[in-house]
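1. Take this sequence and fold it.
(one chain, ligands or ions: 1)
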Amino acid sequence: MSSQIKKPIGVFDSGYGGLTVLKEIVKQLPEYDYIYLGDNARAPYGTRSFETVYEYTLECVQQLFSLGCELVILACNTASAKALRNIQQKDLPTIAPNKRVLGVIRPTTEVVGKYSKTGHVGVLGTTGTVTSNSYPIEIEKLYPHLTVHQEACPMWVPLVENNEMETEGADYFIQKNLVSLLSKDKKIDTIILGCTHYPLLINQIRKHVPSEITLLSQGEIVANSLVDYLKRHPEMEEQCSKGGEIKFYTTDSTVNFDKAATLFFGKEVKSEHLGI
Ligand code: DGL
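-> Here you go, the predicted model:
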């Protein structure tokens, strides 16, 4: 491959949440080039219909393909739950048979059984992720002995997108959903933060969850899984360019994105606008 041709790894989310995944991926795999795309103009996805999430996600994946990505990670549970299967099975074979799109639900369910001692697991997610039942279905396949309870938290993503994380209002909704989840089953000892925005609320979440309960954030899990994927797929690994460059795109205002993303990513972010 010519060293001039950039083939970055694409990381997509409806907004800022995927930055929590990108951050961990870059920590483990700093040598690759990356493009992050946040569809902030149309976030949140969590309460949108299956058809809409699929349409928006496919558009964003195609944008990442046209920016040179051969491999795209949907760093969004809602998109992974509602669009990934269709994109993998229906779209890729016709639009880009050699490109790959991966999600975040499968890597998370692969490890959850290693964390729970009681066999009782909670899942927090958007309404879309929860109603899709993707977590219980995938967990059942791998760890049929686990009992899974879910709680939809429709207000949490808007709180993050609007930088309202440390307000009394945020605390009200966070407590409400956690009390509801934990009251479903006293034996829950592991909670999956099944939305990539939720690690940005981790301190507020922790206030309402006893310390003996493990909170599973997906960043590191997805990064480990990508390391493993690239080892198992040398044909893809060889294609990904290695220049250590990260580019950020947002479908909304770059000024707002840069301000919030810098905070979430922990480093200065200078984004470009992408019209969709
Ligand atoms: N970060 C996305 C997820 O993991 C948030 C979805 C939304 O935009 O509501 O589900």
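2. Return the backbone torsion pair for Glu268.
-> The phi and psi values for Glu268, taken as degrees, to the nearest 10, are phi -60, psi 130.
3. ditto for Tyr32
-> Dihedral angles for Tyr32 - degrees, to the nearest 10 - are phi -80, psi 160.
4. Next: the one 3 residues further on.
-> When quoted as degrees, to the nearest 10, the phi and psi of Ile35 stand at phi -130, psi 130.
5. just checking, it touches Leu64?
-> Yes. Using C-beta atoms under 8 Å, Ile35 makes contact with Leu64 at a distance of 6.2 Å. Backbone N, C-alpha and C define where each C-beta goes, glycine included.
6. How about the closest residue to Lys187 other than its chain neighbours: which residues does it bridge to?
-> In space, and not counting its chain neighbours, Lys187 is closest to His120: 3.9 Å by C-beta to C-beta, 6 or more residues apart in numbering. His120 has these beta-bridge partners by DSSP bridges: Thr147.
7. overlap in contacts of Ile35 and Leu64?
-> Gly10 (C-beta atoms under 8 Å, 6 or more residues apart in numbering).
8. which parts of the protein sit against the ligand?
-> Those residues of the chain that sit near the ligand, judged by C-beta under 6 Å from any ligand atom, are 13-15, 17, 43-46, 76-78, 126, 129, 157, 195-197.
9. In strands, which of these appear?
-> Among the residues of the chain next to the ligand, the ones falling in strands (DSSP state E) are Asp13.
10. Can you select the buried ones among the residues of the chain next to the ligand for me in PyMOL?
-> The PyMOL command for the buried members of the residues of the chain next to the ligand (criterion: 16 or more other C-beta atoms under 10 Å) is given here:
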select buried, resi 13+14+15+17+43+44+45+46+76+77+78+126+129+157+195+196+197
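11. Just the residues of the chain next to the ligand: which are in helices?
-> Members of the residues of the chain next to the ligand lying in helices (criterion: DSSP state H): Asn77, Thr78, Thr129, Val157.
12. Kindly present those residues as a markdown table, with separate columns for pLDDT.
-> Formatted as a markdown table, these follow (pLDDT from 0 to 100):
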| residue | pLDDT |
| --- | --- |
| Asn77 | 97 |
| Thr78 | 96 |
| Thr129 | 96 |
| Val157 | 94 |
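13. can you pull the pLDDT of Gly266?
-> pLDDT recorded at Gly266 is 86.
14. quick one: it and Ile202, what's the gap?
-> Distance from Gly266 to Ile202, counting by C-beta to C-beta, to the nearest Å: 14 Å.
15. Neighbour count: the two, which is higher?
-> In terms of neighbours (other C-beta atoms under 10 Å), Ile202 is the more surrounded of Gly266 and Ile202; the figures are 15 against 10.
16. what about that one, helix or strand, and which?
-> Here Ile202, judged by DSSP states H and E, is contained in helix 202-206.
17. Which elements pack onto that helix?
-> Packing partners of helix 202-206 (3 or more C-beta pairs under 8 Å, 6 or more residues apart in numbering; DSSP states H and E): helix 168-184, strand 214-216.
18. and the longest one, which residues are buried?
-> Judged by neighbour count using 16+ other C-beta under 10 Å, the buried positions of helix 168-184 are Ala170, Asp171, Phe173, Ile174, Asn177, Leu178, Leu181, Leu182.
19. wait, isn't the third one in contact with Trp156?
-> Spelled out, that is Phe173. Yes. The criterion here is C-beta under 8 Å, and Phe173 meets it with Trp156 at 6.7 Å.
20. Just the closest of the ones in helices among the residues of the chain next to the ligand to Ile105, please.
-> Asn77 (6.1 Å; C-beta to C-beta).
21. where are the low-confidence patches of the stretch 101-250 of the chain?
-> Regions of the stretch 101-250 of the chain meeting the criterion pLDDT under 70 are absent.
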